[in-house]
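*Asks:* got a predicted structure here, sequence first:
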Amino acid sequence: MTIELFAFDTPNGRKISVALEEMGLPYSVQVVDIDAGQQFDPAFIRISPNNKIPAIVDPHGPHGQPISVFESGAILLYLAEKTGLFLPLTGSDRVEVLEWLMFQMGGFGPMPGQVHHFIALDSEADRRYGLERFMAETRRLYGVMERRLQGRSFFAGELSIADFAILGWVWRHRRHQVDLADFPQVQRWYEALMARPAVRRGFAVPMRAGT
């Protein structure tokens with residue numbers, strides 16, 4: 001039996017499909033159409049109590065028992081530990097991966113997510129303050145990533161779940177109104193990851209109703 005991925009075509013959904021492809025784990029996608037409110041379905045809330053995508057159900061979890069996991073960071077950690085891939089077992093290398101994973105979860109996700117919200121508002125007055133605040137912080141975070149990637153291929157040693165987490169959000173750079181040419185190290189890293197066959201498959205899997 002395969003892992004069920006409950007997701008929609010968002011950065012958080014895509015970082016899990018990319019990880020599953022890179023790890024070579026069989027999975028199927030159950031689209032949760034958040035535009036239609038399907039995240040509030042009681043059956044989905046039993047899997048994801050915070051009524052957010054993504055979530056997974058692994059029929060072969062710990063000790064061979066089924067398990068459901070919600071929150072994208074927790075899913076990435078679970079999958080890395082299940083496979084022994086993309087997360088060092090011990091030491092400072094593991095700490096670095098966790099640092100950059102939490103950087104994405106705590107900052108480079110919530111901040112550009114606010115840009116997504118305010119940029120869609122019709123009222124110019126409502127849009128202006130939010131965009132000034134959150135676009136400035138989003139660009140600051142791109143700057144943090146730019147400095148980190150100087151002389152590095154990946155965010156924490158070898159390719160890791162931290163890269164998958166961050167990739168999902170850099171994928172939406174145009175929606176953030178960020179030109180990656182302003183951040184050449186981030187652009188180099190992004191283009192290298194997007195050229196990987198497994199990453200391409202992770203972004204190609206249908207995650208919208210009717211596709």
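*Replies:* Nice, thanks for sending it over.
*Asks:* list the contacts of the residue nearest to Asp33 when sequence neighbours are not counted.
*Replies:* Nearest residue to Asp33, sequence neighbours excluded (Cβ to Cβ, 6 or more residues apart in numbering): Ala209, at 4.8 Å. Just so you know, the C-beta spots here come from the backbone N, C-alpha and C atoms, and that holds for glycine as well. If you count contacts by Cβ atoms under 8 Å, 6 or more residues apart in numbering, Ala209 has them with Val31, Asp33, Ala36.
*Asks:* show me the residues you listed that map onto strands.
*Replies:* Under the assignment DSSP state E, the contacts of Ala209 contribute Val31 to strands.
*Asks:* quick one: buried ones out of the contacts of Ala209?
*Replies:* Val31, Asp33 (16 or more other Cβ atoms under 10 Å).
*Asks:* before we move on, back to that, now the residue nearest to Asp33: how far from Arg127?
*Replies:* When distance is defined by Cβ to Cβ, to the nearest Å, Ala209 is 29 Å away from Arg127.
*Asks:* now tabulate the contacts of Ala209 in CSV and tack on pLDDT.
*Replies:* Shown next, in CSV, are the contacts of Ala209 (pLDDT from 0 to 100):
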residue, pLDDT
Val31, 98
Asp33, 97
Ala36, 96
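*Asks:* turn the contacts of Ala209 into CSV, columns for distance to Val199.
*Replies:* Below are these laid out as CSV (distance: Cβ to Cβ, whole Å):
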residue, distance to Val199
Val31, 20
Asp33, 24
Ala36, 28
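*Asks:* out of the contacts of Ala209, flag the one nearest to Gly91.
*Replies:* Among the contacts of Ala209, Val31 lies closest to Gly91 (Cβ to Cβ), at 39.0 Å.
*Asks:* so where do the strands sit in this protein?
*Replies:* For the chain, the strands defined by DSSP E cover 3-7, 27-31, 55-58, 67-70.
*Asks:* in a markdown table: these, plus distance to Gly107.
*Replies:* Shown next, in a markdown table, are the strands of the chain (distance: least, Cβ to Cβ, whole Å):
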| stretch | distance to Gly107 |
| --- | --- |
| strand 3-7 | 22 |
| strand 27-31 | 27 |
| strand 55-58 | 22 |
| strand 67-70 | 20 |
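*Asks:* what's the closest of the ones you listed to Met145?
*Replies:* The nearest among these, by Cβ to Cβ, is strand 3-7 at 24.2 Å.
*Asks:* show me what the closest one packs onto, helices and strands only.
*Replies:* helix 11-23, strand 27-31, strand 55-58 (3 or more Cβ pairs under 8 Å, 6 or more residues apart in numbering; DSSP states H and E).
*Asks:* mind putting the ones you listed into TSV with distance to Leu98?
*Replies:* TSV is the format used below for those (distance: least, Cβ to Cβ, whole Å):
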stretch	distance to Leu98
helix 11-23	15
strand 27-31	24
strand 55-58	20
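*Asks:* what about the residue nearest to Asp33, distance to Gln39?
*Replies:* The value you get for Ala209 to Gln39, if Cβ to Cβ is used, is 13 Å.
*Asks:* over to Met1?
*Replies:* Going from Met1 to Gln39 by Cβ to Cβ gives 24 Å.
*Asks:* higher neighbour count, the two?
*Replies:* Neighbours per residue, other Cβ atoms under 10 Å: of Met1 and Gln39, the larger number sits with Gln39, 19 against 10.
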